[in-house]
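Q: I'd like to go over a predicted model; first the sequence, then the structure.
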Amino acid sequence: MKLNKNVEIIDPISARDFNERYLKPQRPVLIKGLGKHYPAGDKWTIDFLKEYCGDVSVGIFDNNKTGSSASAYTKPDMEMKFSEYVDTITTGGSSNLRMFLFNMFKRKPGLRDDFPCPYLFKGILGKIGYMFFGCENTKVRIHQDIDMSNVLLTQFYGRKRVVLISPEYSDFLYRLPFNTYSLVDLDNPDYIKYPGLRYVKADEFILEPGDSLYMPSGYWHYITYLDGGFAVSYRKIAQSLKMKFLGLLYLAFYMPFDKLMNKLMGAKWLAKKEQMAEVRANKAMERKLPRAVSLKRSREEKSYYNTQLRTGH
Ligand SMILES: O=C(O)CCC(=O)C(=O)O
């Protein structure tokens, strides 16, 4: 895997320029300090949120539990009061608890005045903002967002490392069929088990408080919390018809089907999907081979099968 650290970082620009330069061509970019242009930039300290939202009961994911790795569908492992959860972040312990995709704006609508959907991302999904919290060293496994929408992730507290990979590399990432997850470990790439990883090109972004990261639709993201912290994401429907259709397919068919198969087959279903992912990766690698090698190989295969037909073994 090739990891590019020399990524594009810009200051906030007009919605028109953002549309032309990044949304239309689907190019990821880090927008420095966009969050600071909103009241939340200064107001949303962790203490403020603890006070303001402390009584809300929130769903928490425990990274130590790996049971959900077979499915795109994940549900929280436990519930607790938000104030209790905040304590686990700020005490600097090695907790693996994280809050994922939590719509705090629904519970506390007043928060919208502090951080409405940024002007760059206005659209019909603009009313839906999600919050993400995690402790230092927490990792969010590599995935694509299931609805294939564009995402603007704004960091408010702590730093975060985000590795972004274009959906064109999905086969090389051994994406599990009917699913938007991959089982590869980007921190320790296993090139023996997953040789396709050699073809993957990734970008590494470091988000600091106030920074926003634009993730085009279908982009894979793998996240490491460098400090305990939190962020908010807003979404915008995919640009292309293909991605819109894919998002719908995942939500309406693939996810429910995957969930059902998990229930019916358990570990066997995961093994089957891993097998299918490997076949896809092998085919994708084959396509990458120079034409001469590929032709030679298919001639060799043809002559092998002809011999088998002639001799009967
Ligand atoms: O920041 C996080 O914890 C996860 C963000 C994420 O996965 C997303 O916005 O889709």
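A: Done, it's in. Residues are numbered from 1 along each chain as shown.
Q: And residue 151, how close does it get to residue 223?
A: Distance of residue 151 to residue 223, computed by Cβ to Cβ, to the nearest Å: 12 Å. To be clear about C-beta, it is placed using only N, CA and C from the backbone, and glycine gets the same treatment.
Q: Can you pick out the residue with more neighbours from these two?
A: Higher neighbour count among residue 151 and residue 223: residue 223, with 24 against 20, using other Cβ atoms under 10 Å.
Q: Mind telling me what element that one is part of?
A: In this assignment (DSSP states H and E), residue 223 forms part of strand 220-225.
Q: anything in that strand near the ligand?
A: Yes - using Cβ under 6 Å from any ligand atom, strand 220-225 reaches the ligand at 221, 223.
Q: hmm, who's touching the helix or strand following that strand?
A: Remark: after strand 220-225, the chain's next helix or strand is strand 229-236, criterion DSSP H and E. Contact with strand 229-236 is made by 23, 40, 46, 49, 89, 99, 115, 117-118, 121, 123, 125-126, 128-134, 145, 147, 149-160, 207, 209, as judged by Cβ atoms under 8 Å, 6 or more residues apart in numbering.
Q: how about the nearest residue to residue 22, chain neighbours excluded?
A: Once flanking residues are discounted, residue 22 sits nearest to residue 29: 5.2 Å by Cβ to Cβ, 6 or more residues apart in numbering.
Q: Please identify the residues of the stretch 1-150 of the chain in proximity to the ligand?
A: Going by Cβ under 6 Å from any ligand atom, the residues of the stretch 1-150 of the chain near the ligand are 132, 134, 140, 145.
Q: Does the second one touch residue 86 like I think?
A: No - applying Cβ atoms under 8 Å as the test, residue 134 and residue 86 come out as separate, 11.7 Å apart.
Q: Those two: who's more crowded?
A: For residue 134 versus residue 86, neighbours defined as other Cβ under 10 Å are more numerous around residue 134 (28 against 22).
Q: Return the residues in contact with the more buried one.
A: 89, 97, 98, 99, 140, 225, 228, 229, 230.
Q: next one: residue 274
A: Neighbour list for residue 274: 174, 176, 183 [criterion: Cβ under 8 Å, 6+ apart].
Q: Near the second one, how many other residues are there?
A: Which is residue 176. For residue 176, the tally of surrounding residues (other Cβ under 10 Å) stands at 22.
Q: next one: phi and psi at it?
A: Main-chain dihedrals, residue 176, degrees, to the nearest 10: phi -70, psi 130.
Q: Run a quick neighbour tally on the residue nearest to residue 22.
A: 20.
Q: Quickly name whichever of the residues of the stretch 1-150 of the chain next to the ligand is closest to residue 34.
A: Using Cβ to Cβ, residue 132 comes nearest to residue 34 of these, at 16.6 Å.
Q: what's the pLDDT at that closest one?
A: Residue 132 carries a pLDDT value of 97.
Q: swap in residue 61?
A: In this prediction, residue 61 carries a pLDDT score of 91.
Q: That one pairs with what?
A: residue 98 (DSSP bridges).
Q: returning to that earlier point: just the buried residues from the contacts of strand 229-236, in PyMOL please.
A: The PyMOL command for the buried members of the contacts of strand 229-236 (criterion: 16 or more other Cβ atoms under 10 Å) is given here:
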select buried, resi 23+40+46+49+89+99+115+117+118+121+125+129+130+131+132+133+134+145+147+149+150+151+152+153+154+155+156+157+158+159+160+207+209
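Q: Show me the contacts of strand 229-236 that map onto strands.
A: Under the assignment DSSP state E, these contribute 99, 129-134, 150-157, 160, 207 to strands.
Q: which ones are touching the residue of the stretch 51-200 of the chain found nearest the ligand?
A: In the stretch 51-200 of the chain, the residue that lies nearest the ligand is residue 132 (3.4 Å; Cβ to the nearest ligand atom). For residue 132, the contacting residues are 98, 99, 100, 101, 102, 140, 153, 230, 231, 232, 233, by Cβ under 8 Å, 6+ apart.
Q: Need the nearest residue in space to the second one, chain neighbours excluded.
A: In this structure, residue 99 finds its nearest non-sequential neighbour in residue 133, 4.0 Å apart by Cβ to Cβ, 6+ apart.
Q: Test my guess that that neighbour contacts residue 88.
A: No - Residue 133 is not in contact with residue 88 according to Cβ under 8 Å; the separation is 9.3 Å.
Q: got the contact list for the closest residue to residue 100 other than its chain neighbours?
A: With sequence-adjacent residues excluded and distances taken as Cβ to Cβ, 6+ apart, residue 100 is closest to residue 61, at 5.3 Å. Contact analysis of residue 61 by Cβ under 8 Å, 6+ apart lists 74, 76, 77, 97, 98, 99, 100.
Q: Residue 9 now?
A: Counting by Cβ under 8 Å, 6+ apart, residue 9 has contacts 29, 30, 31, 32.
Q: Quick one, which of these are buried?
A: Judged by 16+ other Cβ under 10 Å, buried ones among the contacts of residue 9: 29, 30, 31, 32.
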